[in-house]
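1. I need the structure of the sequence given here:
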Amino acid sequence: MNECTPSTSSESTKSPPESKLLDSSEEELNKKYNESSTFALNDPGHGINAIDITGLSLRGHDEKENSFNRGNLLELLTLRAKDKKETYEGLLKSKLNYTSARTQNEIIGIIKTKIIQDIVEEINTSSSFSLICDETTDIATKEQLSICVRYPFQTNNKDFKIKERFLGFVDVKDTLATTLFSTIKEYLENTGIDLKKMRGQAYDGASNMSGKFNGVSAKFKSIEPRAIYTHCHAHLLDLAIENINISNYVAAIQHKANENVQPYLIMVNGQGRHHIFIQGDEWN
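-> Predicted coordinates for the structure are as follows:
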């Protein structure tokens, strides 16, 4: 006859396995880590956003702890740390503070993506939009294409306002009409803008942009015939101002030349004075 040993109370209330204890402690550590990471990431994010709005630079020339000026971002976070010393002091000194140049660029990229998404959403919900583009060579002799849009937007009180927004710079390998057209088209499609809503185009007067048959404007009109081309008024104003400056410069040179020549004209005006002037020149 087999003996059955009754279960004791200690066995019925025995502690959970060691693996479960490790899992629970790991979950707790992960939770605290995620909370601290989220906090650490949010604060530099808010600082970067605030500094970007003002148009100031983020980084400093020397960001070491003993530096007099560590840059706008680190100086801002240090100032905030004085208000919340127990919260920020350890954060700024730790390795996990999300203030590296790489993280700053990633945060800026996230902010940019969010801004572009908001602009695209407004464009696609509006009735139409116009495209404004211009290419330029930067200081590093790199060709860049700026892309802007202009569209009507309905406010909360049912009024309409015109918004003009900069989308970004795009690198181009050359300034041929085919290259510029494909670059602009690809960029707009990748951002999610509906090209069928294009009703206007504004570029400079260069043939590669404004050409009636093979320019960028003609190529976009083949996609959307209602996209009317207009010579950019900002370019027209710039050309007018440039011509005015050139005219003033030429006039100033002429005036200065007249001032230098006038004594000579007075001196040689008349046969007698001219003869004396010639004799004096021969003596010299």
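2. how near is residue 165 to residue 120?
-> Using Cβ to Cβ, to the nearest Å, residue 165 is found at 10 Å from residue 120. (C-beta placed from N, C-alpha, C; glycine too.)
3. for residue 160, same thing?
-> When residue 160 is compared with residue 120 (using Cβ to Cβ), they lie 19 Å apart.
4. Go ahead and confirm residue 126 touches residue 151.
-> Yes. Contact criterion Cβ atoms under 8 Å: residue 126 and residue 151 qualify, at 4.8 Å.
5. Report whether the expected contact of residue 63 with residue 72 is present.
-> No. Checked against Cβ under 8 Å, the pair residue 63 and residue 72 is beyond contact range at 10.8 Å.
6. Compare residue 160 and residue 120 and say which one has the larger neighbour count.
-> Applying other Cβ atoms under 10 Å to residue 160 and residue 120 shows that residue 120 carries more neighbours, namely 18 against 11.
7. what's near enough to touch the more buried one?
-> Residue 120 is in contact with 191, 192, 193, counting by Cβ atoms under 8 Å, 6 or more residues apart in numbering.
8. For stretch 152-171, list every residue counted as buried.
-> If you call a residue buried by 16 or more other Cβ atoms under 10 Å, then stretch 152-171 has these buried ones: 165, 167, 170.
9. Of those, which belong to strands?
-> The members of those that map onto strands under DSSP state E are 165, 167, 170.
10. hang on, the first one packs against residue 116?
-> In this case it means residue 165. No. Using Cβ under 8 Å, residue 165 is not in contact with residue 116; the gap is 9.1 Å.
11. How about residues contacting stretch 125-137?
-> The contact list for stretch 125-137 (Cβ under 8 Å, 6+ apart) reads 123, 143-154, 164, 172, 175, 180, 184, 188, 193, 197-204, 209, 216, 220, 227, 232, 235.
12. and the residues you listed, which are buried?
-> 123, 143, 145, 147, 149-151, 172, 180, 184, 188, 193, 197-204, 209, 216, 220, 227, 232, 235.
13. quick one: which of those sit in strands?
-> In this view, those that belong to strands under DSSP E are 143, 145, 147, 149, 150, 151, 198, 199, 200, 201, 202, 203.
14. Distance to residue 137 and pLDDT added to the buried residues of stretch 152-171, as TSV?
-> As requested, the buried residues of stretch 152-171 are exported to TSV (distance: Cβ to Cβ, whole Å; pLDDT from 0 to 100):
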residue	distance to residue 137	pLDDT
165	24	94
167	20	94
170	14	92
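15. quick one: which of the ones in strands among the buried ones among the contacts of stretch 125-137 is nearest residue 240?
-> Nearest to residue 240, judged by Cβ to Cβ, of those is residue 202 at 16.5 Å.
16. For that closest one, give the beta-bridge partners.
-> On the basis of DSSP bridges, residue 202 is bridged to residue 132, residue 230.
17. Surely residue 172 is in contact with residue 142?
-> No. Taking Cβ under 8 Å as the definition, residue 172 is not a contact partner of residue 142, at 9.3 Å.
18. per-residue pLDDT, the nearest residue to residue 208 once chain neighbours are set aside?
-> Nearest residue to residue 208 in three dimensions, chain neighbours excluded: residue 177, at 4.4 Å (Cβ to Cβ, 6 or more residues apart in numbering). Looking at residue 177, its pLDDT is 92.
19. Sketch out the low-pLDDT regions of the stretch 51-200 of the chain for me.
-> 84-98 (pLDDT under 70).
20. What residues of whichever helix or strand residue 103 is part of count as buried?
-> Using DSSP states H and E, residue 103 sits in helix 101-125. For helix 101-125, burial by neighbour count (16+ other Cβ under 10 Å) applies to 103, 104, 107, 116, 119, 120, 122, 123.
21. For the fifth one, which non-adjacent residue is closest in space?
-> Pointing back at residue 119 there. Closest residue to residue 119 apart from its sequence neighbours, by Cβ to Cβ, 6+ apart: residue 165 at 5.0 Å.
22. OK, contacts around that neighbour?
-> Listed by Cβ under 8 Å, 6+ apart, the contact set of residue 165 reads 119, 148, 149, 150, 151.
23. Spit out the contact partners of the first one.
-> In this case it means residue 119. 149, 165, 167.
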